[in-house]
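Undergrad: 3D, please:
(2 chains)
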Amino acid sequence: MLPLQQLSEKEVLNTVRELIYEVVGEDYAIDLEVEMETSFQDDLELESIEFVTLAERLMDTFGESVDFTSWIANMEVEEIIAMTVGQLVEYISKSLE
Amino acid sequence: MSLVLANGLALNVIELGEEDASPTVVLLHGIVIDNLSSLYYTLANHLASRYRVVLYDQRGHGMSDRPKSGYSVLDNVEDLNSLLIELRIEEPVVLVGNSFGGTIALGFALRYPEKVCGLGLIEAHFAVEGWGDKMAATLRRTARLAREGLEMERVLRETGSLPEGGLPSLKKVGLSDEEVAFVIGWIEDNSRRKATRMGRTAKALLDGTTLIEDLQREEPLTQDDLKKIMCPTLAIYGSKSDIVDRADDLKKAMRNIEINVLDGYDHSVLMRAPELIRESLFGWLSQIEERIQ
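TA: Numbers count the residues shown, from 1 in each chain, chains lettered A, B, ... in the order given. Next up, the predicted model:
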C-alpha cells in the first residue's frame, strides 16, 4: 500500500470497500456494490455491530491519522445510522491531507 | 476491537481513549437484543475524550462466545472481573450499565467493592421478588417472536408475500393480534438482512442456552444488600419506564446516591435521549475525578 498521505479519494474508497467485504463476509459481499452514495443502513443493511467492527478496522488501518473517536462523538445516533460510504471516505481523505 | 480470553471465553472488547486517563470507565450493555454497539453509538466515543473507556460484548451477545450455560448475574460478574485482570486494570473502575448491564454493575459492586469507584446505572434492573419469573416470561415471549419473525421472513423470501395478518402458525403458538402486528412491523421497519440476523441471534441465545432458566433462578437483591454498596452512584430512569420505582428502592437503601428521573422517557431512554444521559454522566464523573485526586 502507498503511504497513507498519498492515497487519493478513489484509493480510500477501495480500502473502505475491502474492509466492508471483510466485515460482512464473502458470501454476502459477492453481490454487493459499494460506491460513494451507498448507505450503510438502507443499501448494505449492515447490523450496528458490523458497523462498529468496520470502524475498528478503519482505526487499525489508518491509525492516528484519522480521529474516528471525535468524529463519531460529534454525530447523533440517527446520523451514524444514516451514513453513506461517501461521507466516511471524504472524512478519511480530508484527515489524511 | 479484539478478542480477549476471560473466564474461559473469548470476549469481544473495544478500548478507547488514552490508556493513562483516569478513572477507567467500563460500559455494560443490556440483554438479548443488545450488544456493545448501542454504547458505542451513544456513550463510548464521547467519554473517550476524557477517560479510558472499555466496552465489551457480554457472553452470548454480539461477537463474543456463546456458551450453552452460565448466564446468571454472578457468571457475568466473574467475566467482568476476569476481563479487568486480563486487561491489567488494577485501579478501581467506574461501571456504567444500561438495563441488565446495571444488574451486572450492582452485582459486581457487591462482590468486588474494592474494585469499583463509581456506579452509573441507566434504567438498571435488579432482582426483586418475582423478578426472575417476570424476566423469564418476557424472554420466552421474545423467543416466540424471534422464531415467528424468522419463519415469516423465510415465507416472504420464498413466496414474495405474506398472508394477511401473518402466518396461520402464529395463532398456534399463542401470539395475540397485537404481537403478530409487532413482528410484521419489525420485519418491515428493519432491513430484511438486519431483522433476520437479529432474530437468529436472539433465537440462538434464548433457545440454545440456559439464559432464561439461569435468570429465573436469580435471588432478589434485598435492601440490606443494597445498603452495602458505598461507592458514589448515579441512577438514571425514565419517568415512563416500567421499572422507574426501582429508583425509590435504590434511594431508600443507598447513602451515596444521586437519582435523575428524566421526564417523558421510557426504558429505552439511552437510545432516545443520549445527550441527556451524557450530560448527567459527565457532571457526576467530574465529582468522582475530584475525589480520586
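
Undergrad: how deep is residue 65 tucked in, by neighbour count?
TA: Reading this off chain A. By the criterion of other CB atoms under 10 Å in any protein chain shown, A:Ser65 has 13 neighbours. (Each C-beta comes from the backbone N, C-alpha and C, glycine too.)

Undergrad: that answer is for a different chain, and I need it for chain B
TA: B:Asp65: 17 surrounding residues under other CB under 10 Å.

Undergrad: List the contacts of it.
TA: Counting by CB atoms under 8 Å, 6 or more residues apart in numbering or on different chains, B:Asp65 makes contact with B:Leu9, B:Ala10, B:Leu11, B:Arg59.

Undergrad: Torsion angles phi and psi at the last one?
TA: Right, B:Arg59. Phi and psi for B:Arg59, reported as degrees, to the nearest 10, are phi -50, psi 140.

Undergrad: pLDDT (mean, whole number) over stretch B:94-114?
TA: The average pLDDT within stretch B:94-114 is 97.

Undergrad: for it, the distance to its chain's centre please.
TA: Centre-to-centre, stretch B:94-114 and its host chain are 11 Å apart (CA atoms, centre = their mean, to the nearest Å).

Undergrad: who in chain A is up against chain B?
TA: Counting by CB under 8 Å from any CB of the partner chain, chain A comes close to chain B at A:28, A:41-42, A:45-49, A:51-53, A:55-57, A:68-70, A:72-73, A:76-77, A:80.

Undergrad: Buried only: go through these for me.
TA: Buried residues within these, counting neighbours by 16 or more other CB atoms under 10 Å in any protein chain shown: A:41, A:45-49, A:51-53, A:55-57, A:68-69, A:72-73, A:77, A:80.

Undergrad: how about low-confidence regions in chain B?
TA: Within chain B, the segments meeting pLDDT under 70 span B:1, B:164-175, B:186-190.

Undergrad: hmm, back to that, mind putting the contacts of B:Asp65 in a markdown table, secondary structure and neighbour count included?
TA: Putting the contacts of B:Asp65 into a markdown table (DSSP: H, G, I helix; E, B strand; the rest coil; neighbours: other CB atoms under 10 Å in any protein chain shown) gives the following:
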| residue | secondary structure | neighbour count |
| --- | --- | --- |
| B:Leu9 | strand | 20 |
| B:Ala10 | strand | 15 |
| B:Leu11 | strand | 25 |
| B:Arg59 | coil | 24 |
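
Undergrad: if we take the residues you listed, which one ends up nearest to B:Lys203?
TA: For those, the closest approach to B:Lys203 (CB to CB) belongs to B:Arg59, at 16.8 Å.

Undergrad: Is the residue of chain A positioned farthest from its centre within a helix or a strand, and which one?
TA: Note on chain A: the largest C-alpha distance from the chain mean falls to A:Asp27, namely 19.5 Å (CA atoms, centre = their mean). Using DSSP states H and E, the element containing A:Asp27 is helix A:26-29.

Undergrad: Name the residues that touch that helix?
TA: Helix A:26-29 has contacts (CB under 8 Å, 6+ apart) with A:Ile20, A:Tyr21, B:Arg193.

Undergrad: Need the three-state assignment for B:Val261.
TA: Following DSSP: H, G, I helix; E, B strand; the rest coil, we place B:Val261 in the strand state.

Undergrad: From what I see, it and B:Asp245 are in contact.
TA: No - look at B:Val261 against B:Asp245 with CB atoms under 8 Å: they stay out of range, at 10.7 Å.

Undergrad: The two - which one has more neighbours?
TA: Shown here are B:Val261 and B:Asp245; by other CB under 10 Å, B:Val261 has more neighbours (15 against 10).

Undergrad: Who are the contact partners of that one?
TA: B:Val261 neighbours (CB under 8 Å, 6+ apart): B:Ile236, B:Tyr237, B:Gly238, B:Ser239, B:Val244, B:Ala247.

Undergrad: again, only using 10 Å
TA: Contact analysis of B:Val261 by CB atoms under 10 Å, 6 or more residues apart in numbering or on different chains lists B:Ala235, B:Ile236, B:Tyr237, B:Gly238, B:Ser239, B:Lys240, B:Ser241, B:Val244, B:Ala247, B:Val269.

Undergrad: what's the burial count for residue 43?
TA: I went with chain A, as the question did not name one. Other residues lying near A:Asp43 total 16 when counted by other CB under 10 Å.

Undergrad: look at chain B instead
TA: Applying other CB under 10 Å, we find 24 residues neighbouring B:Leu43.
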